[in-house]
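Visitor: starting from these lines, generate the structure:
(chains A, B, C and D)
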4 protein chains.
Amino acid sequence: MRNNIVHIGAGELVYEIRAIVEIADKLQQMGIKTNMENIGDPIAKGEKIPQWMKEVVADLVMQDCSYGYSPTRGVLETRQFLAEQTNRRGKTQITADDIMFFNGLGDAIQKVYGFLRREARIIGPTPTYSTHSSAEAAHAGTKPISYRLDPDNHWYPDLDDLRLSVKYNPSISGILIINPDNPTGAVYPERILQEMIAIAREYDLFIICDEVYHNIVFNGTSTKPISDIIGEVPALALKGISKEVPWPGARCGWMEVYNADKDPVFQQYVKSILDAKMVEVCSTTLPQKAIPRLLSHPQYPVYLKERKDRYEKFSNIAVEMLQGIPGIKVNRTNGAFYMSVVFKKGQLSDCQSLPIEIDEVRTLVEGLVAEPKVALDKRFVYYLLASTGICVVPLSSFCTMEQGIRITLLERDEQEFKHIFQTLGESITAYLNS
Amino acid sequence: MRNNIVHIGAGELVYEIRAIVEIADKLQQMGIKTNMENIGDPIAKGEKIPQWMKEVVADLVMQDCSYGYSPTRGVLETRQFLAEQTNRRGKTQITADDIMFFNGLGDAIQKVYGFLRREARIIGPTPTYSTHSSAEAAHAGTKPISYRLDPDNHWYPDLDDLRLSVKYNPSISGILIINPDNPTGAVYPERILQEMIAIAREYDLFIICDEVYHNIVFNGTSTKPISDIIGEVPALALKGISKEVPWPGARCGWMEVYNADKDPVFQQYVKSILDAKMVEVCSTTLPQKAIPRLLSHPQYPVYLKERKDRYEKFSNIAVEMLQGIPGIKVNRTNGAFYMSVVFKKGQLSDCQSLPIEIDEVRTLVEGLVAEPKVALDKRFVYYLLASTGICVVPLSSFCTMEQGIRITLLERDEQEFKHIFQTLGESITAYLNS
Amino acid sequence: MRNNIVHIGAGELVYEIRAIVEIADKLQQMGIKTNMENIGDPIAKGEKIPQWMKEVVADLVMQDCSYGYSPTRGVLETRQFLAEQTNRRGKTQITADDIMFFNGLGDAIQKVYGFLRREARIIGPTPTYSTHSSAEAAHAGTKPISYRLDPDNHWYPDLDDLRLSVKYNPSISGILIINPDNPTGAVYPERILQEMIAIAREYDLFIICDEVYHNIVFNGTSTKPISDIIGEVPALALKGISKEVPWPGARCGWMEVYNADKDPVFQQYVKSILDAKMVEVCSTTLPQKAIPRLLSHPQYPVYLKERKDRYEKFSNIAVEMLQGIPGIKVNRTNGAFYMSVVFKKGQLSDCQSLPIEIDEVRTLVEGLVAEPKVALDKRFVYYLLASTGICVVPLSSFCTMEQGIRITLLERDEQEFKHIFQTLGESITAYLNS
Amino acid sequence: MRNNIVHIGAGELVYEIRAIVEIADKLQQMGIKTNMENIGDPIAKGEKIPQWMKEVVADLVMQDCSYGYSPTRGVLETRQFLAEQTNRRGKTQITADDIMFFNGLGDAIQKVYGFLRREARIIGPTPTYSTHSSAEAAHAGTKPISYRLDPDNHWYPDLDDLRLSVKYNPSISGILIINPDNPTGAVYPERILQEMIAIAREYDLFIICDEVYHNIVFNGTSTKPISDIIGEVPALALKGISKEVPWPGARCGWMEVYNADKDPVFQQYVKSILDAKMVEVCSTTLPQKAIPRLLSHPQYPVYLKERKDRYEKFSNIAVEMLQGIPGIKVNRTNGAFYMSVVFKKGQLSDCQSLPIEIDEVRTLVEGLVAEPKVALDKRFVYYLLASTGICVVPLSSFCTMEQGIRITLLERDEQEFKHIFQTLGESITAYLNS
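Guide: Coordinates of the predicted model:
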């Protein structure tokens, strides 16, 4: 190359949830039977798509119009259907034009941060889903800014930390809320959301609320979509069908815009996101067409309830099998399908290990953990994977100083599920005592 | 907002191909019957998806795995299938890892330019498909850089212009080739591609070759995929199924990488694009799964031939009906399905008009053309639309100093097609003489 | 111009201290006799350069070597002399290479901020000397970040505000201290400096200490040069002869670097400042050569004491004449030669005025205050100037939310000085009651 | 540091003219007697400041007003004096407000490029004075852009190269002309300047003309100040007293602005430079005050003529002693006081050397030339310095692909001068034949 063509922010693009797969694949080739509990893909974990769903989609596939481009904002009827869903709750009222479709929330997130002015920062939770933090960091050209989720208080946001950060960091222009939360499985009570909105109102910020897990709430908890309580604060809600239907392979998510008319700068920002999408023409058509049919299908609530009941049951099994183990903090998952386990301060060292049977595997892992700057929880993750085949994600890769792991609750087989958490618990104890 | 949150490059995101639709919609509401010849969406123009295609897709839809995430690079078997297609020609050899899927070429284009170092520029054709030029301009924070396509020489690239630009502008780091070309319908002979590659080799540049129309070539012309002649020059080929299958609503395109191992900087750049995709998790699964089945289906070549024959026939009708009209330059379309008509220098003025029947429509159009800085060809486009209902795109919105129009050849009804081009020809004459 | 050539940060460059002069000049032409109390130029206010000083400089001027370039860092003997001054106090020890000369502190300040990485921010006081805040803002491309100086506590820094800002704003990489302070005239006790250094140490920041008024301290107060108490924290002290000698027209200031060897990133940053100076070749030679002779001259301490005594006397006259006036807060000046008067919250409105005799002047001022977004204290400054001829600077132009004025104590004639402050006090009362 | 604080453009700041001094100093300590022919400082080479000049300055030094700040643009009477000098030629007419003073041309150059929009580029000559090219590169964040000076045609600009660069590189917004030129000593005839202006006019660019050597032209050549022929093209001329008076240590240069009123963008750009200077308050007062007295002194033309006569004589000695030596190209110096000698293609290799007497010196030099990426002409410069004590600057450090050296003509002693050039010639021959 006659010039250097590598982008200056290239180094900020890290996504450990998928990077760990490369190691797991190697170990599998060396003979380890793996349990992939790293990624939130229900399908990959054996979730069955109900026959009626498939038929809805197959029916659409037989129509020519499902193959064409859609409007830049998305299929009109679908946006009208979704606007109606929001409006019928009688709170914030929107129109089809307040909805914009993307190729999955990943695409939405890239544009939401990518078309922010470089100096304008969004504060997000720590730990956080790394697609948000990577995109925010890449846009700003520096490290993400975050407010603390408290593992000693149900992983709820530390509101003092948030308020003080907003007050003392004038570049913060918006607040990211993930509710229900990934990676912690927390579901925020309305009063917490209200306080976060109050901070946004007081400091004239906008809110981004990632609600992709909004319909996966259980254990008797309840929360509110941000649109029900947002008042006059400008906000974006991010929604999708990846987790709920579940159809992650559709790459189909959308953004609802609230109170765009309340602030001209916010309105211009939203328009620039639409313009960016228009340059790419539009988003996927078929899943958009399917949305009204799927979500209004009589079997849909039944199906969703069945899944929530299972996650509820398994969330309780998980917490029972892990709580009480010395050296860690555990919170019950009340929404989404992740659990974050935290190692207490000082529990991890770089001398701990787990037994690994196959020599080749041991050599590989010892090489990996000997590399410079391997986080202590990543070290545990490598040993756990090599020793038991259980593949989880180090919590430190979710943009947090906490050390721990994120594990999914997606395994459908109860015996296998119990075995995984039993093994995990024993491995934690063995590792900490090694 | 307590801060300005609008991105500094927000103004570069313009896509006239879709912006004109807003005007057309208004006119339609005022009673104008429109012919939308602005956008390259075969489906919208009545192209039928063959039954066998729908069945292939419907069959996949009945399988759970079509709903899950795909690997970040894309479905492995599909990438192997596509690599094999390239490799079997016996020229450049690639592996599945040299292929990366995106949510349509729009997504690919955003990432290809978006992850270039800001100072590194790509020179592209003028006129050009504006998704390329907008993305390049937004990445650079300034106007796009271009080499001339020559309407007096079959719209072939002006190679002197390209060579001198590369020589005298050291920030140019790569060359964009669109072949077959949008918006001109030109198909480049191998010798021209060879000369372009030679320039890249001499100045140590890489090549981006948009080959989305590669299998839509007719009128006895022939060309080469860039991989057959690239030699050791680093290159990216962009491909997709939007136009060919046609399934634009799938948002499914891919990038083939050639000679990544020949240059470490290029390799790092390609990796940063992969990392950016990983942060968004992956691209659409279902169409990827369909690709091998569709492209290797015995009916596929038959179907494709039928379409090419039709475009060939219609391309000749179009050129016959327009050539000879004073004041314009016309070239026959030999690939893709667009025709670009150029007004000769000095033919357009801001006093010309076409008769408009409905008063309300005339008032609207007169308001539009009275706005400051309306290009002269855009002026013609507004009058044409209001007078005849034919919706085309001004050529000046394809990043060129030429004045003219781009019109699609997608209308399937031969009588209607002839009527459109007859009307267009008469309108041009009437407008120029008004 | 074929391109836009105006820099993106062009709008951040505002310096009200000099901008007000333009208005004063106009009024003077209309017949107003002005007292310029806006700028800290002792010479302009009639300070006499002692004969012995002039002779020292004249003697140098007769030597050829005073006309040549100096080394990039500055004249070696002068740097040795200054290093020795610092070292002899027995605290931080430096060498001549830890000193770098600039064309005045303005030049130093531009380079100190201009060669910081764009994302790295320096927190400074509010109110602050606007050369610092403008340069910091221009480097960052956004508004400056600040900690509060407290008018209810001798204008000392609000240490809680500083600590919380540093804690909650991770982009803060350094702390600016101006001691003695401009525009408040505060002199910080050692314990306050110690706490500021402790914050820098705790959060791994560096310190910039503007000590240009270091030898102009009176009223029995005392402080410390930062080098005496800096410990191992990396720091830059900015010093000069503009105010002290006083020779502002020399454009001669310097930077002392402490603990460069304690942090490799800091060291690289300091080297980049040296490289930037080298590209400009060097700084002014003659004043550098004069420094050792002037500062070690037996008459120098006598001369300095005379001036400090006068400032002390006048600072007490000023405070006596203003304190007790309802609606304002006043602090006695203990260093430098500025006083900042603050209007209490709610005292100013946009209906207040002062009588203006000359019609033409009144018309001009009424036009100025009718412009959009004129700060309320700037409004007062315009009326004061037009009504009395006294030219001061609105406090709001020192990067603060406080409303008030900065006035210099440089007028040498005691009767005139009393008259100015008497008039100012009466005008404040009249304005607030109007 | 908790953050990286090093500026992204830190690496572009290189100034070989001074960097070589560090090596020379080391060699001197090892016993080498050096002749410093690297830097254009007449004073350092023994130029005597005439008594009358010293008296003018000394007289000013006895006045208080010479110590105060000056207006931001500079001392009014001086600007009036300089404007009058330009105006009296009867061509472009300017006012005092079209002149702005800086702390030397280094400061002016930093601001001229530093306050250009990042994407707007200035094309400059190659070879070029590196303060220009470093500042341009740092502002753009990438390599400088240049037009060729032709060593086979008196070092005149290659106008085809300039025209084609401007035509094919749309980011070029201005042209830098250095006339008389540093480092080549060329003086451009009016017709060449006219052609450069014509290019600027045709492509709507502005011109920066560095005229710091304008009054040092000899050998019967003549040229024009840009203001005499600029017509309506916006332009900046950079002037100073460093070389001519000579008073480089004054850091006093100025910019004359022509045709600011012809282009609003240019006007806004010029205003942003003024604003930047205002934030730094002003430039050095004393030399500004001296300018009218010095330049209008009856002895000044006499003095200047004496120097020009000497440079003329020595320029001819130099060319006589070097021309005819195989392997190099030499042009006579007709202005300024530098000569650039070019090695013909293929003459230099990395095996050549010169004898070095002192072992320690030889070891040092062999270490220096063994470092990676040492330019071949820099290699020669090290050997020349170590073998003969003659310190020159490698031509490759003036932003050029040519290999050669720049040497000053400042040595005043004719015998010594002849000895230096004799030795240089012999060393070139010995080195090329080694």
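Visitor: buried residues in the biggest helix by length in chain A?
Guide: In chain A, assigned by DSSP state H, the helix with the most residues is helix A:299-322. By 16 or more other C-beta atoms under 10 Å in any protein chain shown, the buried positions in helix A:299-322 come out as A:300, A:303, A:307-308, A:310-312, A:314-315, A:317-319, A:321-322. Bear in mind the C-beta positions are built from the backbone N, C-alpha and C, glycine included.
Visitor: what do you get for stretch A:151-164?
Guide: For stretch A:151-164, a neighbour-count test (16+ other C-beta under 10 Å) marks A:Pro151, A:His154, A:Trp155, A:Tyr156, A:Pro157, A:Asp158, A:Leu159, A:Asp161, A:Leu162, A:Arg163, A:Leu164 as buried.
Visitor: circling back: for chain D, state which of the buried residues of helix A:299-322 is nearest.
Guide: Nearest to chain D, judged by C-beta to the nearest C-beta, of the buried residues of helix A:299-322 is A:Leu322 at 34.9 Å.
Visitor: state the pLDDT value of that closest one.
Guide: pLDDT, A:Leu322: 97.
Visitor: neighbouring contacts of the longest helix of chain A?
Guide: Under the criterion C-beta atoms under 8 Å, 6 or more residues apart in numbering or on different chains, residues A:47, A:50, A:52-53, A:185, A:215-219, A:244, A:294, A:328, A:330-334, A:337, A:339, A:341, A:407, A:409, A:411-412, A:414, A:417-418, A:421-422, A:424-425, A:428 lie in contact with helix A:299-322.
Visitor: got it, and stretch A:87-95?
Guide: For stretch A:87-95, the surrounding residues in contact (C-beta under 8 Å, 6+ apart) are A:Ala83, A:Thr86, A:Pro225, A:Ser227, A:Asp228, A:Ile229, A:Ile230, A:Glu256, A:Val257, A:Tyr258, A:Asn259.
Visitor: dump the residue contacts of the first one.
Guide: Counting by C-beta under 8 Å, 6+ apart, A:Ala83 makes contact with A:Ile94, A:Thr95, A:Ala96, A:Asp98, A:Ile99.
Visitor: toward the C-terminus, what is the element adjacent to the helix or strand where it lies?
Guide: Here A:Ala83 is covered by helix A:76-87, with elements defined by DSSP states H and E. Tracing the chain past helix A:76-87, the next element assigned as helix or strand by DSSP H and E is strand A:99-102.
Visitor: just checking: what are the partner strands of that next one?
Guide: strand A:253-258 (antiparallel) (DSSP bridges).
Visitor: would you mind measuring from A:Leu295 to A:Gln51?
Guide: To A:Gln51, A:Leu295 is 17 Å away according to C-beta to C-beta, to the nearest Å.
Visitor: could you do A:Val330 as well?
Guide: With distances taken as C-beta to C-beta, A:Val330 is found 37 Å from A:Gln51.
Visitor: can you pick out the residue with more neighbours from these two?
Guide: More crowded of A:Val330 and A:Gln51, by other C-beta atoms under 10 Å in any protein chain shown: A:Val330, with 20 against 10.
Visitor: how about the contacts made by the residue in the stretch 201-350 of chain A positioned nearest to chain C?
Guide: Using C-beta to the nearest C-beta, the closest approach of the stretch 201-350 of chain A to chain C is made by A:Tyr203 at 12.7 Å. For A:Tyr203, the contacting residues are A:Val166, A:Lys167, A:Ile172, B:Arg2, by C-beta under 8 Å, 6+ apart.
Visitor: what ranges does chain A have for its strands?
Guide: Taking DSSP state E as the criterion, chain A carries its strands at A:35-36, A:99-102, A:121-126, A:145-150, A:156-157, A:172-178, A:206-210, A:235-240, A:253-258, A:328-330, A:338-343, A:390-391, A:393-394, A:404-408.
Visitor: rewinding a little: which of the contacts of A:Tyr203 are buried?
Guide: A:Val166, A:Lys167, A:Ile172, B:Arg2.
Visitor: which of those residues sits closest to chain D?
Guide: Relative to chain D, and with distances defined as C-beta to the nearest C-beta, the nearest of the buried ones among the contacts of A:Tyr203 is A:Ile172, at 16.9 Å.
Visitor: list of residues touching the least confident helix or strand in chain A by mean pLDDT?
Guide: Least confident helix or strand, chain A: helix A:16-29 with a mean of 87, by mean pLDDT, DSSP states H and E. Residues outside helix A:16-29 that contact it (C-beta under 8 Å, 6+ apart): A:34, A:36, A:38-39, A:130, A:361, A:364, A:368, A:381-382, A:385-386, A:389, A:391, A:393-394, A:397, B:72, B:278, B:281.
Visitor: looking at the residues you listed, which are in helices?
Guide: Counting by DSSP H, the part of those found in helices is A:Ser130, A:Val361, A:Leu364, A:Leu368, A:Val381, A:Tyr382, A:Leu385, A:Ala386, B:Met278.
Visitor: which one of those is nearest chain D?
Guide: A:Ser130 (20.9 Å).
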